[in-house]
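**Student:** coordinates for the following, if possible.
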Amino acid sequence: MGRGPMLAVVNAAVVEGVFGRPVRVEVSVTQGLPAFNIVGLPDASVREARDRVRAAIASSKLTFPASKIVVNLAPTELKKHGAALDLAIAMGVLAASKALSDDARIDLHHLGLVGELGLDGSVRRVPGLVSLADALVGREIVVPLAGAAEAAAVRPGEVRGVGSLRELVDWLNGAGLRPSLVDPVDASVDRIAFDDLADVRGQPIARYALEVAAAGGHHLLMQGPPGGGKTMLATRLVGLLPPLDAADSLLVTRVHSVAGLRLPDDGLVRLPPFRAPHHGASMVAMVGGGSGAVKPGEVSSAHGGVLFLDELGEFPIGVLESLRTPLEEGVIRVSRAGASVTLPARFQLVAAMNPCPCGLGGGDDGRCRCSVAAIDRYRRRLSAPLLDRFDLHIAVEPPDPLSLLDRGQEESSAEVRERVAAARARAAERGVLCNAALRTADLDACAPLVGPGRQLVETALRSGALTGRGLQKIRRVARTIADLEDGDVDESVLARAMGLRMPFVDGAERAA
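**Tutor:** Next up is the predicted model:
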């Protein structure tokens, strides 16, 4: 009689959305014609593991079994993507073919393995190590040495890094040293990389709008001709925001890890991210997706931070309209034939645009070369529902030349950040992260409309200068202004909030 099948089980994980899912890699090696099959809904990159594993085992001077090999990836209803299963498949083949000792097979059962194999037997880093490591709870995790610090950020004291397949085999067989546990890198919150608000001169209204936006988490649209400093202002907003809390830090780190973005040295993203996609970005690049695994887009990469859209009027209309749902709900739902995932997308939108296609409209010097029809076409690229989602809309004109030449005592980001932190602390007492998250039902208590203030907004509503959604946004902005001053919402505060939300006009009104 022939030998029965030799079995091995190895614990691994794959990424689904931005979260890890544990996977059992079950390997059967039986007598028969040599074959190597992988089942359990593998995609093309997982099926290609057959060739990588075979070459890596041979390069490591180990014996690849000349037998029938079947690899089952459980649970079978979960679509498997990427090369993160390579190391687990290779170790499963070696364990099932008795290339590992009995003790090594026992030790292997208690480990979680994640990593891509090179043809030379090296173990390479894969995207999403944070999510993959977090999925293998209760086990020591073996990961590529190059990504060990990233995994240790979420699983401190439980991660070992290896550089090659042979290193792992020798360790388990007792012929090599046991890789050391990887300690997390000391955490640090470094603001040096952020540009300082003190560099912005001659823009008192824009600076104030930026402070209000940071304090309340409000979406901001800046409109004006080139050279006014719109981009300069936007890049300094993230330096005014407080560090991420523990939950958001872990979630943002997961997103960036899966998206393949560079992580800090300590493995955790602790400061709000700043994303500034080009106006040629596609729908998939913006909201996420892809033909295989669903990858996070820019709206998810900006979660917890700032999404800056320069030249807003140049973005494809469909891309802009896709922002409406995440702006309201804080998530983006991506559906494909093989998967449907929900990705985090709570970001602060900051946008900049010119007043017309040539960029010179709105001035009194007559330099604008655009017709009324051209301006209207430019404006129609931005729908009213999208524009209504901006809490703040300000005009940014070029500053007075003397203000650029004089070295005034403009406040630094650190000084403004202190006021922003105090305002956010007052918002936290109401149970929200920032005032932009206040529910409509809470506004009557924290931003009441009484007396002259009520008459002010009533006039704006009756004239059509303010919509119902706009009214609630004005009240939230007013609450933020009051928090910055540690005061109450009154008529003057409401008037300033409305002043920071200038009405949109069409080409005919500009021509007039």
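
**Student:** now the residue nearest in space to the middle of the chain: how far from S322?
**Tutor:** Among the residues of the chain, the one closest to the centroid is S301, at 1.8 Å (C-alpha atoms, centre = their mean). Separation of S301 from S322 (C-beta to C-beta, to the nearest Å): 15 Å. Where you see a C-beta, it was placed from the backbone N, CA and C, and this is true even at glycine.

**Student:** ok so C358 is a helix residue?
**Tutor:** No: secondary structure of C358, determined by DSSP: H, G, I helix; E, B strand; the rest coil: coil, with no helix assignment.

**Student:** for it, phi and psi?
**Tutor:** Backbone torsions for C358, taken as degrees, to the nearest 10, come to phi -80, psi -20.

**Student:** what about it, neighbour count?
**Tutor:** 16 (other C-beta atoms under 10 Å).

**Student:** about what we covered before: ok, now which ones touch the residue nearest to the centre of the chain?
**Tutor:** Shown in contact with S301 (C-beta atoms under 8 Å, 6 or more residues apart in numbering): V255, H256, A259, L261, P273, R275.

**Student:** of these, which belong to strands?
**Tutor:** In this view, these that belong to strands under DSSP state E are R275.

**Student:** which one of the contacts of S301 is nearest N354?
**Tutor:** R275 (21.3 Å; C-beta to C-beta).

**Student:** distance check, that closest one against E321.
**Tutor:** Noted for R275: a distance of 19 Å to E321, by C-beta to C-beta.

**Student:** over to D486?
**Tutor:** 39 Å.

**Student:** of those two, who's got more company?
**Tutor:** Shown here are D486 and E321; by other C-beta under 10 Å, E321 has more neighbours (15 against 10).

**Student:** residues contacting that one?
**Tutor:** S383, L386 are the contacts of E321 under C-beta under 8 Å, 6+ apart.

**Student:** go on, A436?
**Tutor:** Listed by C-beta under 8 Å, 6+ apart, the contact partners of A436 are G216, G217, H218, H219, Q348, D391, R476.

**Student:** likewise for E298?
**Tutor:** R275, P277, A281, A285, M286, V287, L307.

**Student:** D310 and A276 touch, don't they?
**Tutor:** Yes: at 6.5 Å, D310 counts as touching A276 under the criterion of C-beta atoms under 8 Å.

**Student:** can you list residues touching both of these two?
**Tutor:** The contact sets of D310 and A276 overlap at A234 (C-beta under 8 Å, 6+ apart).

**Student:** who has more neighbours, the two?
**Tutor:** Between D310 and A276, counted using other C-beta under 10 Å, the more crowded position is D310 (19 against 15).

**Student:** using a markdown table, lay out the contacts of E298 together with secondary structure and pLDDT.
**Tutor:** Formatted as a markdown table, those follow (DSSP: H, G, I helix; E, B strand; the rest coil; pLDDT from 0 to 100):
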| residue | secondary structure | pLDDT |
| --- | --- | --- |
| R275 | strand | 96 |
| P277 | coil | 95 |
| A281 | coil | 92 |
| A285 | helix | 92 |
| M286 | helix | 94 |
| V287 | helix | 91 |
| L307 | strand | 97 |
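
**Student:** what is the nearest of these to I89?
**Tutor:** Checking those against I89 with C-beta to C-beta, the nearest one is A285 at 31.5 Å.

**Student:** which ones are touching the nearest residue to the closest one once chain neighbours are set aside?
**Tutor:** Spatial nearest neighbour of A285, excluding adjacent residues (C-beta to C-beta, 6 or more residues apart in numbering): G297 at 5.8 Å. By C-beta under 8 Å, 6+ apart, G297 lies in contact with V284, A285, M286, V287, G288, G289, I332, L343.

**Student:** give me the buried entries from those.
**Tutor:** Neighbour counting by 16 or more other C-beta atoms under 10 Å classes A285, M286, V287, G288, G289, I332, L343 among the contacts of G297 as buried.

**Student:** mind saving the C-alpha coords of the strand or helix carrying the last one as CSV?
**Tutor:** This means L343. Taking DSSP states H and E as the definition, L343 sits inside strand 340-344. C-alpha atoms of strand 340-344 as CSV (Å, rounded to 0.1, in the frame of the first residue of the first chain):
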residue,chain,number,x,y,z
SER,A,340,-17.6,45.1,-1.5
VAL,A,341,-15.7,46.9,1.2
THR,A,342,-16.3,50.0,3.3
LEU,A,343,-13.2,52.2,3.7
PRO,A,344,-12.7,55.0,6.2
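
**Student:** state the paired neighbours of it in the sheet, together with their directions.
**Tutor:** Next to strand 340-344 in the sheet, as set by DSSP bridges, lie strand 331-335 (antiparallel).

**Student:** name the residues of the strand it pairs with that are buried.
**Tutor:** I332, V334.

**Student:** re the thing from before, who wins for most neighbours among the contacts of S301?
**Tutor:** Neighbour counts for the contacts of S301, by other C-beta under 10 Å, peak at V255, which reaches 29 neighbours.

**Student:** buried sites along stretch 83-90?
**Tutor:** By neighbour count with 16+ other C-beta under 10 Å, stretch 83-90 contains the buried residues A83, A84, L85, D86, L87, A88, I89, A90.

**Student:** same check, this time on stretch 99-116
**Tutor:** A99, L100, A104, R105, D107, L108, L111, G112, L113, V114, G115, E116.

**Student:** of those residues, closest to F19?
**Tutor:** V114 (14.3 Å).

**Student:** quick one: contacts for the nearest residue to the closest one once chain neighbours are set aside?
**Tutor:** Nearest non-adjacent residue to V114, counting by C-beta to C-beta, 6+ apart: L132, 4.7 Å away. Residues near L132 by C-beta under 8 Å, 6+ apart: A13, V14, V15, G20, A84, V114, V126, V143, A151.
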